[in-house]
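Participant: could you look at this predicted model? Sequence included:
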Amino acid sequence: MFVDDAFAPLLYSWWVPALGLLGIVLAGLLLWWSLRAPRPSTKPVQSSAEAQRSRQTALSRIQAEYERFEAGEIDLRHFHLRVAAILREFGSQRMGRDLTSMTRSEVEAAFPRGGVGILLRRCEQPSFSRDSKAEARTTMNQVSEVVSKW
């Protein structure tokens, strides 16, 4: 091949750099939108009067379960399961999101403050304790603290 047979270099068409620039702009807009997307609210949806009623209802239901435990009608495991269910219902009413279908780790991630995730973790622990009454009493103390703050 001789030097005289080579072709002059061809330039890209105008649309190739324009398409590259458009891709960069779209990637930037996608990044900006994903960072600015609204996050789910962690603010309560109830008024203070509704919240107080929800707290009283939840605490009275948990107190009734504690009394059933003290009377020997249910064991520690069942008591903790009922406490967890009542807490999830209370949280669902309070926050306007269905906590009954969320895992404990999802509840902890969605609502890091308030101690609900820690209390749910306590309710998940196996109920093999030397002193079941002390475990139930400790759970009741934590429940009253968490529910009154939330």
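Facilitator: Ah, there it is.

Participant: separation between Thr57 and Glu108?
Facilitator: 24 Å (CB to CB, to the nearest Å). Where you see a C-beta, it was placed from the backbone N, CA and C, and this is true even at glycine.

Participant: what does Glu73 give?
Facilitator: Distance from Glu73 to Glu108, by CB to CB: 31 Å.

Participant: cool, Gln125 as well?
Facilitator: Where Glu108 is concerned, Gln125 sits at a distance of 15 Å (CB to CB).

Participant: between the two, point out the one with more neighbours.
Facilitator: For Gln125 versus Glu108, the count of surrounding residues by other CB atoms under 10 Å is larger for Glu108: 17 against 12.

Participant: residues contacting stretch 51-59, please?
Facilitator: 44, 46, 86-87, 89-90, 93-94, 143-144, 147-148, 150 (CB atoms under 8 Å, 6 or more residues apart in numbering).

Participant: which of those count as buried?
Facilitator: Neighbour counting over these (16 or more other CB atoms under 10 Å) leaves 44, 86-87, 89-90, 93-94, 143, 147, 150 as the buried ones.

Participant: export the lowest-mean-pLDDT helix or strand in the chain to CSV, keeping only CA atoms.
Facilitator: Using mean pLDDT, DSSP states H and E, the weakest-scoring helix or strand in the chain turns out to be helix 116-124, at a mean of 80. Output of helix 116-124 as CSV, limited to C-alpha atoms (Å, rounded to 0.1, in the frame of the first residue of the first chain):
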residue,chain,number,x,y,z
VAL,A,116,-39.3,0.2,68.8
GLY,A,117,-36.8,-1.9,66.9
ILE,A,118,-34.9,-2.7,70.0
LEU,A,119,-38.1,-3.7,71.8
LEU,A,120,-39.1,-5.9,68.9
ARG,A,121,-35.7,-7.5,69.0
ARG,A,122,-36.2,-8.2,72.7
CYS,A,123,-39.6,-9.8,71.8
GLU,A,124,-37.9,-12.0,69.2
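
Participant: the next helix or strand after it vs helix 116-124, what angle?
Facilitator: Using DSSP states H and E, the helix or strand that follows helix 116-124 in sequence is helix 132-149. For helix 132-149 against helix 116-124, the angle by axes from the mean of the first three to the mean of the last three CA atoms, to 10 degrees is 160 degrees.
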